[in-house]
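S.K.: here's a sequence, model it:
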Amino acid sequence: MHLDPPAAERQRRDRALKASEIRYRRLFETAPYGMLVLDAETGVVIDVNTALCRLLGYEQDEVLDQPLWSVPAFRNAAATRSHFRELVGQPHTRYDDLPLETKDGQIRHVELVSTLFLADSKQFVQCTIHDITERIERERADGERAQQESLQAAASVRRSTDAETHDQATGLVNRWYLEETLPRELHRAARGKSPLSVTVLAADAGQPIQESVLREVGRVIREHLRKSDMACRFSDREFVLVLPDSSPKATLDRVAQIRAAVQGLELYHGKERLEPPALRTGVAIAGKDGSTAQELLKAACAAAKQER
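M.R.: Have a look, this model is predicted:
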């Protein structure tokens, strides 16, 4: 039996279409990544492949024939509806990190790419879904590790800086830091026309002093400082206070409080009780006793030596 040319052509096209559908179905079912097809008008899932069901832990009949936002894996219905509007409104849409919830409650991060297509005068949306959970977790772990390393590096820098600028025994700044910082404090006070005082507290040199005792003296000094104040371990037995915005009277009151607190210390070396050190004090006022850091320190030291 011989077919006329038009009929033979129709049969050829039908066979080609059927072969194409078989190839597509085979690709759809055997794809190593998730795939699903939606009705663009209703959002109903009309096809889903094995890979996606395996990824989410659902059977095919638990996903098919219901709107995408009703599928349990897409629990956030409002967000899913919003995503669906984007899927059907553009020829191609891509989500780089879309969290899906599996049947056993785990979160899988996926990359979703959608394509809008027309078949039999009806629009459909095909979505390909790649599981990127391992990559996302690895990136997060790398980010957390980098953050931890950054924090450790910052802490190391702080420890290094503290070692360079602070006296280890008392926790007060050291002489180098004072000499670097005091000129700036003087400049700031002069520019703001505000008072600034420099005070030397010198422990009596007539008696031996344990380092642990000086540590306690440093603690007392720190407890009487404002945030704007600076206290320095200037030498073995000398401390220097820099008090911005402190009038002569306010400075003397603060010094009296520190001396009284030091005299009230209960100090021991083993079982032996120690006498608190006597502190000689000298105060220098910026502008009155000098205008440079060296002049003020010299004046305060001289005043402390003269005190009886």
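S.K.: ranges for the helices of the chain?
M.R.: With DSSP state H as the definition, the chain shows helices at residue ranges 5-30, 50-56, 77-89, 133-165, 175-192, 211-223, 248-263, 293-306.
S.K.: need those helices in a markdown table (columns: distance to G105, mean pLDDT and mean neighbour count).
M.R.: Just so you know, the C-beta spots here come from the backbone N, C-alpha and C atoms, and that holds for glycine as well. Formatted as a markdown table, the entries for these read as follows, by distance: least, Cβ to Cβ, whole Å; pLDDT from 0 to 100; neighbours: other Cβ atoms under 10 Å:
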| stretch | distance to G105 | mean pLDDT | mean neighbour count |
| --- | --- | --- | --- |
| helix 5-30 | 27 | 66 | 10 |
| helix 50-56 | 11 | 92 | 19 |
| helix 77-89 | 17 | 67 | 15 |
| helix 133-165 | 14 | 74 | 11 |
| helix 175-192 | 56 | 92 | 15 |
| helix 211-223 | 53 | 89 | 17 |
| helix 248-263 | 60 | 93 | 15 |
| helix 293-306 | 66 | 92 | 18 |
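S.K.: among those, which comes closest to V44?
M.R.: Closest approach to V44 among the helices of the chain (Cβ to Cβ): helix 77-89, 10.7 Å.
S.K.: ok, which of the helices of the chain comes nearest E272?
M.R.: Comparing these against E272 with Cβ to Cβ, the closest turns out to be helix 211-223 (11.9 Å).
S.K.: distance from the closest one to the middle of the chain?
M.R.: When C-alpha coordinates are averaged (Cα atoms, centre = their mean, to the nearest Å), helix 211-223 and its chain have centres 34 Å apart.
S.K.: same check on stretch 286-293?
M.R.: Between the centre of stretch 286-293 and the centre of its chain there are 44 Å (Cα atoms, centre = their mean).
S.K.: how about stretch 285-292?
M.R.: Taking Cα atoms, centre = their mean, one finds stretch 285-292 lying 44 Å from the centre of the chain it belongs to.
S.K.: do stretch 248-263 as well
M.R.: A distance of 41 Å separates the centroid of the chain from that of stretch 248-263, by Cα atoms, centre = their mean.
S.K.: now the helices of the chain as a markdown table including distance to A284?
M.R.: Listed next are these as a markdown table, based on distance: least, Cβ to Cβ, whole Å:
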| stretch | distance to A284 |
| --- | --- |
| helix 5-30 | 88 |
| helix 50-56 | 77 |
| helix 77-89 | 68 |
| helix 133-165 | 23 |
| helix 175-192 | 11 |
| helix 211-223 | 17 |
| helix 248-263 | 10 |
| helix 293-306 | 4 |
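S.K.: wait, which of those is closest to E101?
M.R.: Each of the helices of the chain was checked against E101 via Cβ to Cβ, and the shortest separation belongs to helix 50-56, namely 8.2 Å.
S.K.: which strands or helices does the closest one pack on?
M.R.: Secondary structure elements in contact with helix 50-56, counted by 3 or more Cβ pairs under 8 Å, 6 or more residues apart in numbering; DSSP states H and E, are strand 34-39, strand 107-119, strand 122-131.
S.K.: hmm, try it at 6 Å
M.R.: Helix 50-56 makes packing contacts with strand 34-39 when contacts are defined by 3 or more Cβ pairs under 6 Å, 6 or more residues apart in numbering; DSSP states H and E.
S.K.: so L265 makes contact with P276?
M.R.: Yes. With contact defined as Cβ atoms under 6 Å, L265 counts as touching P276 (4.7 Å).
S.K.: of those two, who's got more company?
M.R.: When neighbours are counted by other Cβ atoms under 10 Å, P276 comes out ahead of the other of L265 and P276, with 19 against 15.
S.K.: how close does that one get to E266?
M.R.: P276 is 8 Å from E266, where distance means Cβ to Cβ, to the nearest Å.
S.K.: also V71?
M.R.: With distances taken as Cβ to Cβ, V71 is found 73 Å from E266.
S.K.: more neighbours: the two, which one.
M.R.: Here V71 and E266 are compared on neighbour count by other Cβ under 10 Å; more neighbours surround V71, at 20 against 8.
S.K.: so how many other residues sit close to the closest residue to that one other than its chain neighbours?
M.R.: Once its chain neighbours are removed from consideration, V71 has its nearest residue in V63; the separation is 5.5 Å (Cβ to Cβ, 6 or more residues apart in numbering). When counting by other Cβ under 10 Å, one arrives at 21 neighbours for V63.
S.K.: same deal with R108?
M.R.: What R108 shows, counting by other Cβ under 10 Å, is a neighbour count of 19.
S.K.: my guess is it contacts R135. True?
M.R.: No. The pair R108 and R135 fails to qualify as a contact (Cβ under 6 Å) at a distance of 11.7 Å.
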